[in-house]
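Undergrad: sequence-free structure coming up:
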């Protein structure tokens, strides 16, 4: 009986065990099915989509007109992530080191490593310090989850299950190679450096393909603890090398770990258009294609830096360059700084507001020609001038501190004489000229005409290089203005609509004067950087106290603007437009026209040539362009009529030319008083000059500079050899006051309250 009962109990127990086994197996199968369903229904981005989203990471790229990268700009302050690196471009040593350090069975498990989980659990029971069991796939899953929900804490069982679920899903949808590649491009290494490219360049100044075993071991050692001390990184790197069967590199790995930079090395290259990139790029990962010519951009930057390197001994460190296409308005070159030569390389010199000096004169004379006040042969008086203004007397003076007497408009513009320009502004009217400049795009001129006064003729206002260069482009285009454009004009597309700001005839005559080497010879000579192999029209300018100098001009195809100065506002030492900016302008014009010399523009129908003869002969006879009526042209087909310009008999009585009677001289507070002087100039030789009764020099010296007198009123006398007074001028010297806008009349050199110093 007992044996039978035992067998019955055994049979019942076996059936119960079988039922429990079937239930357990069913439950396990159900769990597996649920996990499989959960994994399969989990949305996972396609690998190609993920790579595209991470393509530029924290960076935005600026491409030139040919699609070549020309500037990389970091826009994410939290992380530094460079372009995506394919797995094939990662050093085999680094791949082996990462697998040895983080996931030895990466190619064997399905995203979650059961052996790793058991080993980690056993080690955590025995060891003092716990360790995890995350695979590379699980680590990538964590990175993706945190990117999807930034700031969410991902700890605890629920977070671990979510991580494992996404890891399993990634293994289903992606290949092992894709997972490994994505991991290397997303994982943080140290500090702000995320991804293998940023880590490699930032820590070793080389690309991921060039990493050796020791460098790779150091990078792999950082994965587990990116902020670990250097000594801990060195120990961990040696462990990685032993696991990767490369222990011989341990000594070098210690040296590399000890030398890890405290701040990452600068990221690679593409530092060709940083200021334009900051102006245009706004979103991490953005790629923007612009009209810049990559080769021209590089040449312009080098030409500027080379010139500034030559001028460093003259206290010059900053500059900027703009090149525009005349027809389309495309910005072909945009150099905002001299780079490492500058004390403030991030400042954009192409957009900074500065006083443009004499570069405004062509627009003034163009307006006078268009309105019929003057023509190119008109005679202007270049002699001492003192104009009454609400702030006192305004006494302009030429750049070379001399006066030429009667000169033509052509010479006055090309040789950049200041007094004739101020006389022309008096004809045109400051308000009308101000409106004209605003029509040329100079929207920065927000004050009224009274604020700028006569100094506006000499650049007593502020504008930026890009705006000024585009205004010259209007002259190049026959008086038609249109905005510049940063993007390339699509093939076959028409440029932007134009706005006429100056008659075609006036623009042509102004351009012809600016291209006349003989007319500018009195100031600049015949051999200067303003002379080019082909036709080119150009104007220089220098602002108050030599803080800025400019060279802006155009050919039949391009308009080029160059500014040289100091962002700090410190004056340069004996540097003018002809010695500072003009050489850079010349190099760019020759580069742009290396294959074809520029051609002079064809004269429009509304101009005619006439032979001009001056009586007396203040200038040699020449053929000159005039804005003429069509009837006049028809009456003399093919002929060149003669125009005789007869001047009134000049005043030959002995007199003082400078300083002007009644001048109020305000010394420049930015220049040491000992370096400031007063020009005393008589119209005849052989006379005697006295200041407050004291002879200034021996009799016979008619022009000299004397130290600036003390503050107060003074009397300057011109006497003949017998001591008889011939002319007397009274002046007042103001005390030096701190710099401020709109001071009273500047020193006798000719500066109004808001005006510049003599400019060229």
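TA: Perfect, I can see it now. Keep in mind that this is a model prediction, so the values were computed, not measured.
Undergrad: switch to C-alpha atoms for all contacts and neighbour counts from now on
TA: OK.
Undergrad: Could I get the contacting residues of residue 627?
TA: Taking C-alpha atoms under 8 Å, 6 or more residues apart in numbering, we find residue 627 in contact with 369, 375, 505-506, 606-608.
Undergrad: I'd like to know how far residue 164 sits from residue 110.
TA: Applying C-alpha to C-alpha, to the nearest Å, the value for residue 164 to residue 110 is 10 Å.
Undergrad: The contacts of residue 627 into TSV, with extra columns for neighbour count and pLDDT?
TA: Listed next are the contacts of residue 627 as TSV, based on neighbours: other C-alpha atoms under 10 Å; pLDDT from 0 to 100:
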residue	neighbour count	pLDDT
369	25	96
375	23	94
505	24	97
506	30	97
606	16	92
607	21	95
608	22	93
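Undergrad: and the residue nearest to residue 142 when sequence neighbours are not counted, how many residues sit next to it?
TA: Sequence neighbours aside, residue 163 is the residue nearest to residue 142 in space, at 5.9 Å (criterion: C-alpha to C-alpha, 6 or more residues apart in numbering). Using other C-alpha atoms under 10 Å, residue 163 is surrounded by 24 other residues.
Undergrad: was I right about residue 163 contacting residue 141?
TA: Yes - under the criterion of C-alpha atoms under 8 Å, residue 163 makes contact with residue 141 at 5.7 Å.
Undergrad: Looking at residue 164 and residue 110, which one has more neighbours?
TA: In terms of neighbours (other C-alpha under 10 Å), residue 164 is the more surrounded of residue 164 and residue 110; the figures are 23 against 18.
Undergrad: The more buried one reaches residue 112, doesn't it?
TA: Yes - Residue 164 lies in contact with residue 112 (C-alpha under 8 Å); the separation is 6.5 Å.
Undergrad: so what sits against both of these two?
TA: residue 138.
Undergrad: ok, back up a step: could I get the contacts of residue 627 as a markdown table with distance to residue 425?
TA: Shown next, in a markdown table, are the contacts of residue 627 (distance: C-alpha to C-alpha, whole Å):
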| residue | distance to residue 425 |
| --- | --- |
| 369 | 12 |
| 375 | 14 |
| 505 | 20 |
| 506 | 16 |
| 606 | 25 |
| 607 | 24 |
| 608 | 25 |
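Undergrad: residues in contact with residue 368?
TA: Contacts of residue 368 by C-alpha under 8 Å, 6+ apart are 374-375, 424, 427-428.
Undergrad: try 10 Å
TA: 362, 374-375, 424-425, 427-429, 433, 506 (C-alpha atoms under 10 Å, 6 or more residues apart in numbering).
Undergrad: ok, back up a step: need the residues touching each of residue 164 and residue 110.
TA: In contact with both residue 164 and residue 110: 135, 137, 170, using C-alpha under 10 Å, 6+ apart.
Undergrad: Next, the buried residues of the host helix or strand of the second one.
TA: Element membership for residue 137 (DSSP states H and E) is helix 136-148. For helix 136-148, a neighbour-count test (16 or more other C-alpha atoms under 10 Å) marks 136-145 as buried.
Undergrad: quick check, nearest of these to residue 242?
TA: Nearest to residue 242 out of those is residue 136 (C-alpha to C-alpha; 19.9 Å).
Undergrad: Grab the nearest non-local neighbour of that closest one.
TA: residue 103 (6.2 Å).
Undergrad: what's the burial count for the one you found?
TA: 18.
Undergrad: Ok, residue 715 next?
TA: Residue 715 - counted by other C-alpha under 10 Å - has 15 other residues nearby.
Undergrad: from the middle of its chain, how far away would stretch 359-376 be?
TA: From the chain centre to the centre of stretch 359-376 is a distance of 32 Å (C-alpha atoms, centre = their mean, to the nearest Å).
Undergrad: Can you give me the end-to-end span of that stretch?
TA: 18 Å.
Undergrad: Repeat that for stretch 222-241.
TA: 13 Å.
Undergrad: who are the neighbours in contact with the closest residue to residue 89 other than its chain neighbours?
TA: Using C-alpha to C-alpha, 6+ apart and skipping residues adjacent in sequence, the residue nearest residue 89 is residue 209, 5.2 Å away. By C-alpha under 10 Å, 6+ apart, the contact set of residue 209 is 85, 87-94, 197, 200.
Undergrad: and the nearest residue to residue 291 once chain neighbours are set aside, how many neighbours?
TA: Leaving aside its sequence neighbours, residue 291 sits nearest to residue 488 (C-alpha to C-alpha, 6+ apart; 4.2 Å). Counted with other C-alpha under 10 Å, the neighbours of residue 488 add up to 19.
Undergrad: just residue 173 next, same as before
TA: 16.
Undergrad: Which pLDDT value goes with it?
TA: On pLDDT, residue 173 comes in at 92.
Undergrad: Contacts only, for it.
TA: Contacts of residue 173 by C-alpha under 10 Å, 6+ apart are 40, 43-47, 179.
Undergrad: tell me which element the closest residue to residue 686 other than its chain neighbours falls in.
TA: Among residues not flanking residue 686 along the chain, residue 700 sits closest, at 3.6 Å (C-alpha to C-alpha, 6+ apart). Using DSSP H and E, residue 700 maps to neither a helix nor a strand.
Undergrad: now do residue 279
TA: Per DSSP H and E: residue 279 is located in helix 274-280.
Undergrad: Next SSE downstream of that helix?
TA: With DSSP H and E setting the assignment, the helix or strand that follows helix 274-280 is strand 287-289.
Undergrad: chain center to that following strand: distance?
TA: The answer for strand 287-289 is 17 Å, by C-alpha atoms, centre = their mean.
Undergrad: so what strands line up beside that strand?
TA: strand 59-63 (parallel) (DSSP bridges).
Undergrad: Show residues contacting the partner strand.
TA: With C-alpha under 10 Å, 6+ apart, strand 59-63 has contacts from 68-76, 79-83, 270, 272-274, 276-278, 280-294.
Undergrad: helices or strands next to the following helix or strand past that strand in the packing?
TA: Note on strand 59-63: by DSSP H and E, the next helix or strand toward the C-terminus is strand 69-74. With contacts defined as 3 or more C-alpha pairs under 10 Å, 6 or more residues apart in numbering; DSSP states H and E, strand 69-74 has these neighbours: strand 59-63, helix 274-280, strand 287-289, helix 294-310.
Undergrad: quick one: average confidence on strand 69-74?
TA: On average, strand 69-74 scores 89.
Undergrad: circling back to that earlier point, which among the contacts of residue 368 count as buried?
TA: So, by 16+ other C-alpha under 10 Å, the buried ones in those are 362, 374-375, 424-425, 428-429, 433, 506.
Undergrad: Sitting in strands, which of the residues you listed do you find?
TA: With DSSP state E as the criterion, strands contain none of those.
Undergrad: Nearest to residue 689 among those residues?
TA: For the buried ones among the contacts of residue 368, the closest approach to residue 689 (C-alpha to C-alpha) belongs to residue 424, at 31.7 Å.
Undergrad: quick one: buried residues of stretch 64-79?
TA: 64-65, 69-76, 79.
Undergrad: and the two most separated of the residues you listed?
TA: The most distant members of these, if one measures by C-alpha to C-alpha, are 65 and 79, lying 29.2 Å apart.
Undergrad: How about the nearest residue to residue 289 once chain neighbours are set aside: which residues does it bridge to?
TA: Leaving out its chain neighbours, the residue that sits closest to residue 289 by C-alpha to C-alpha, 6+ apart is residue 63, at 4.5 Å. Beta-bridge partners for residue 63, by DSSP bridges, are residue 69, residue 289.
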